[in-house]
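J.: Return atomic coordinates for the entry below.
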Amino acid sequence: MKKIAPSLALFDYEGELVCGVDEAGRGPLAGAVYAAAVILDPARPIEGLRDSKKLSEAKRQTLAEEIKQSAMAWSIAFCTESEIDEINILQASMLAMRRAVEGLKTAPTLALIDGNRCPVMQVRSEAIVKGDDKVPAISAASILAKTARDAALLQLHQQYPVYGFDQHKGYPTALHLERLRMHGVSPVHRKSYGPVREMLELRAVAS
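T.: So this is what the prediction gives:
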């Protein structure tokens, strides 16, 4: 019988003040990469926390508000498109997560990071693969990062409506690639990403 990993909660780390950390937006061709850090309050449990990708948009929004109201501390940070192009998406994701942890009003003693590597920071950290579906605090961070990034892409849609950011949130869908070919590269596209870089190269050759 396959073993199911138990859910990890604050009480599994006796004597530690734990924050969960996750990012959102590594794959898109446009927009910043976001990260969040959350310290849950064991006296105010939140039902329904899980990987944000497994929740409906409406459920994510509801949980995001509850997390902000009930958590002991929470923080959201990001790295811009230019930072992503300068230092690459992996390092930008690590930096966004570090900024999120450093932005907490209460300093944790241990940061649990979704994935297989940890950002370099003063707080001790531990990477947990698929932690966003195992650790409630990481699930909460996943939800805050995802909803914050989605909200940011809706704002970008207001600035650059021709790209349809409200529909694809910057991911390389057929619609996004079509609009990119039609309208060229915007200031918020990640110029180091293949499809965007290729578009810039084609435009340079054509001119």
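
J.: Okay, now the unreliable bits of this protein?
T.: 1-12, 206-207 (pLDDT under 70).

J.: quick one, strands of it?
T.: Ranges of strands in the chain, per DSSP state E, are 18-24, 33-39, 73-79, 110-114, 124-128.

J.: Pull the residues that contact the first one.
T.: So that's strand 18-24. 10, 33-40, 52, 73, 93, 96-97, 100-101, 104, 108-114, 123, 125, 131-132, 135-142, 145-146, 148-149 (Cβ atoms under 8 Å, 6 or more residues apart in numbering). (Glycine included, C-beta is placed from N, CA and C.)

J.: Give me the buried entries from those.
T.: Listed as buried from these are 10, 33-40, 52, 73, 93, 96-97, 100-101, 104, 108, 111-114, 123, 125, 131-132, 135-142, 145-146, 148-149; burial here means 16 or more other Cβ atoms under 10 Å.

J.: Tell me what the residue nearest in space to the middle of the chain is bridged to.
T.: Among the residues of the chain, the one closest to the centroid is residue 24, at 2.0 Å (Cα atoms, centre = their mean). For residue 24, the beta-bridge partners are residue 34 (DSSP bridges).

J.: got the domain boundaries for this protein?
T.: Domain assignment for the chain by automatic domain parsing gives 15-158, 162-206.

J.: right, so those domains: which one is the most enclosed?
T.: Mean neighbours per residue, mean count of other Cβ atoms under 10 Å, is largest over those for domain 15-158, with a mean of 20.

J.: Now do that domain: distance to the chain's middle.
T.: Mean-position distance between domain 15-158 and its chain equals 5 Å (Cα atoms, centre = their mean, to the nearest Å).

J.: how long is that domain from one end to the other?
T.: 47 Å (Cα to Cα, to the nearest Å).

J.: How about stretch 171-191?
T.: For stretch 171-191, the end-to-end distance is 14 Å (Cα to Cα).

J.: How about stretch 29-46?
T.: Per Cα to Cα, stretch 29-46 runs 33 Å from first to last residue.

J.: again, but for stretch 69-76
T.: 14 Å.

J.: Likewise for stretch 14-26?
T.: 33 Å.

J.: Specify the beta-bridge partners of residue 126.
T.: residue 112.

J.: and it, what does it touch?
T.: Contacts of residue 126 by Cβ under 8 Å, 6+ apart are 110, 111, 112, 113, 118.

J.: Just put those in TSV and tack on distance to residue 62.
T.: As requested, these are exported to TSV (distance: Cβ to Cβ, whole Å):
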residue	distance to residue 62
110	28
111	26
112	24
113	25
118	30
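
J.: how near is residue 98 to residue 121?
T.: To residue 121, residue 98 is 5 Å away according to Cβ to Cβ, to the nearest Å.

J.: repeat for residue 39
T.: For residue 39, the distance to residue 121 - Cβ to Cβ - is 15 Å.

J.: Fine by me, we can end here.
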